[in-house]
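Enquirer: quick one, what's the 3D model for this:
(chains A and B)
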Amino acid sequence: MTDRTAPALADPAPPVGPGRSRTPREEPRSGSGAFADARARRRYVIVLIALAVAAAGFGVGMLAMGNPMPVGSRGFWLIAELRVTSLIVMVICAFCQATATIAFQTVTTNRIITPSIMGFESLYRVIQTGAVYLLGVAGVGALQGTTQFLLQVAAMVGLSVLLYGWLLRGKYANLQVMLLIGIIIGGGLGSVSAFMQRLLTPSEFDVLTARLFGSISNAETEYIPYAIVFCVLAGGGLWWNARTLNTVALGKDICLNLGVRHGRQTILTLVMVSVLMATSTALIGPMTFFGFLVATLTYQIAGTHDHRRLFPLGVLVGFVVLAGAYFVMDHVFYAQGVVSIIIELVGGTVFLVVILRKGRL
Amino acid sequence: MITIDKVAKTYSETVRIGPVDLEIPAGGVTALVGPNGAGKSTLLTMVGRLLGMDEGTVEVAGYDVGSTASKDLAKILSVLRQENHFITRLTVRQLVGFGRFPYSQGRITREDEQKISEAIDFLGLTELEGRYLDQLSGGQRQRAYVAMVLAQDTEYVLLDEPLNNLDMRHSVQMMGRLRDAARELGRTIVVVLHDINFAAHYSDRIVAMKDGGVVETGPVAEIMTDAVLTRVFDTPVQVIEGPTGPLAVYY
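Expert: A predicted model of the protein is given here:
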């Protein structure tokens, strides 16, 4: 009955008649959960441990390598403490970008568009450019301080909630329209900042440029506690909803059929995504391809659809990519501050290789 | 019983579904037939609360679809549309496992695994349960989706064109399984079909729709007549007695 030469197309005979007898299996069948089989589960655990070891290695390396003081001395710890700040910023950035991008791609059921496209980075650019345009070089200073940080986060979250709330409740409520409008708003805001940049003096432009490239050194220590609070709240919310997100990934119809309130779940998730993205962008600046790279790598190596497994893996991948890039730039090439170039170069190459090998997204 | 009371959906001044009044009794297979654009799928998706209605109410087993909590309805009523596209890579068993979400909220229990196995075996997918969906043929994938809604263990199962893109053999297998599900498992199955002969052979009742309204409803023998089918489909139809029951000839 079964055609062994073409197993993919073979149909096992359908069971016939009522009360058919099936030989009882000794072991209960399983594999309905996060992993298809024990091999996939083992692979996930191994990958997770390997990434955790790599992350710890890069973390210790960043604190200890190139430290001029002897290990264990008071001076060593003083220098290490200074570096801890940038380590924490990297963890926050990896956490925000990885979880936000994965959750966003799930609710929009696509794996190409990332939250960056929804106008977040353009808004950040407009705020920064506007400050320099209106206030001169002093404008950069005017944007520093805890209140300003919180205001920037609030502005970005406010814009996205307004956009989602309006678009998802309207007559043409669908994500394609929302993404299209997000792109248009992003492009529009981009042009506004490009226009203002034309009118700046070279020295003002130079100061501004430093703020417009994502860099760990942009982060101020005083923002960090607030950023951590945002991460815990929004990340916790996503973790709480992770099992529901698994059904959202199946599309609107199946999700509704399974009794999930799809519209409400989508808006809640997008609000949490905007909090995370706004935190990351306001803290260190735009990182356009980082979230995309991390999410894509995570899907490829995770071997599961379960968000409870994807989120931690994504954060680890993000941290390893970020810390690895910094580590290589600082200690191999002695070229600090050009990390985004490395991330995009390596990330783009890896991405192309993965797509060419697998032939799918 | 499914009670549809004055349900209407307005797309524009000229395109309007309803108002539809219809009662579908519990048990058996009910086929929704009619020409393209008659509103079959729209009606089915409104009953399955995938699409909001502009007017009227739908009650399934005494629960008002508009006001009952969606997670409670998911234990009474399941609905499957024809187009399903996933971004995640799932095995057959993982997909069928999602059918247990209304009960376990994603934490699969031993009882869930049992139900999942039953649904997989019922659709003849036992050998394929570890396969990824993208490694299956269209017919096998369609069976996996149906297994998912059967694992949901609902009394009412609504299916929108489950035979779409299936060849003869798979169509016959699928309809046979659905009829078995109604008879052996006691489910009430409502299915949108394009082929009137499939509807005549495998269903217990036929509901014929045309221009957004229900024009005929009744047991197969009442619908399978020259006059009724010609009127419903706007094309000359002749019903002859075939070896296994009435056959509509329309070409």
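
Enquirer: is there proximity between the helix or strand where A:Val157 lies and chain B?
Expert: Counting by DSSP states H and E, the secondary-structure element that holds A:Val157 is helix A:146-169. No. No part of helix A:146-169 sits near chain B under the criterion CB under 8 Å from any CB of the partner chain; the closest distance found is 12.4 Å. For every residue, glycine as well, the C-beta is placed using N, CA and C.

Enquirer: burial of the closest residue in space to A:Glu121 that isn't next to it in sequence, as a residue count?
Expert: For A:Glu121, ignoring the flanking residues on the chain, the nearest one in space by CB to CB, 6 or more residues apart in numbering or on different chains is A:Pro286 at 4.0 Å. Counted with other CB atoms under 10 Å in any protein chain shown, the burial measure for A:Pro286 works out to 21 neighbours.

Enquirer: tell me the secondary structure at A:Pro286.
Expert: With DSSP: H, G, I helix; E, B strand; the rest coil as the basis, the three-state label of A:Pro286 is coil.

Enquirer: ok, it touching A:Leu212?
Expert: Yes. With contact taken as CB atoms under 8 Å, A:Pro286 and A:Leu212 are classed as touching, separated by 6.9 Å.

Enquirer: overlap in contacts of these two?
Expert: Counting by CB atoms under 8 Å, 6 or more residues apart in numbering or on different chains, the residues touching both A:Pro286 and A:Leu212 are A:Arg125.

Enquirer: now the lowest-mean-pLDDT helix or strand in chain B: buried residues?
Expert: For chain B, the helix or strand with the lowest mean confidence is strand B:16-24, at a mean of 88 (criterion: mean pLDDT, DSSP states H and E). Along strand B:16-24, the positions that meet the burial threshold by neighbour count (16 or more other CB atoms under 10 Å in any protein chain shown) are B:16-20, B:22, B:24.

Enquirer: in terms of secondary structure, what does that strand contact?
Expert: For strand B:16-24, the helices and strands in contact under the criterion 3 or more CB pairs under 8 Å, 6 or more residues apart in numbering or on different chains; DSSP states H and E are strand B:2-10, helix B:40-47, strand B:55-60, strand B:205-210, strand B:213-219.

Enquirer: what's the neighbour count on A:Gly130?
Expert: The criterion is other CB under 10 Å. On that basis, A:Gly130 has 15 neighbouring residues.

Enquirer: check which helix or strand it maps to.
Expert: Secondary structure assigned from DSSP H and E places A:Gly130 in helix A:120-135.

Enquirer: could you give me the average pLDDT of that helix?
Expert: Model confidence over helix A:120-135, given as mean pLDDT, is 81.

Enquirer: tell me what it is packed against?
Expert: Counting contacts by 3+ CB pairs under 8 Å, 6+ apart, the secondary-structure elements packed against helix A:120-135 are helix A:138-142, helix A:146-169, helix A:175-198, helix A:202-212, helix A:262-284.

Enquirer: quick one: the second one to helix A:175-198, angle?
Expert: In terms of direction (axes from the mean of the first three to the mean of the last three CA atoms, to 10 degrees), helix A:146-169 departs from helix A:175-198 by 140 degrees.

Enquirer: ok now helix A:146-169, how far from the chain's centre?
Expert: Shown here is helix A:146-169, whose average C-alpha point lies 18 Å from the average C-alpha point of the whole chain (CA atoms, centre = their mean, to the nearest Å).
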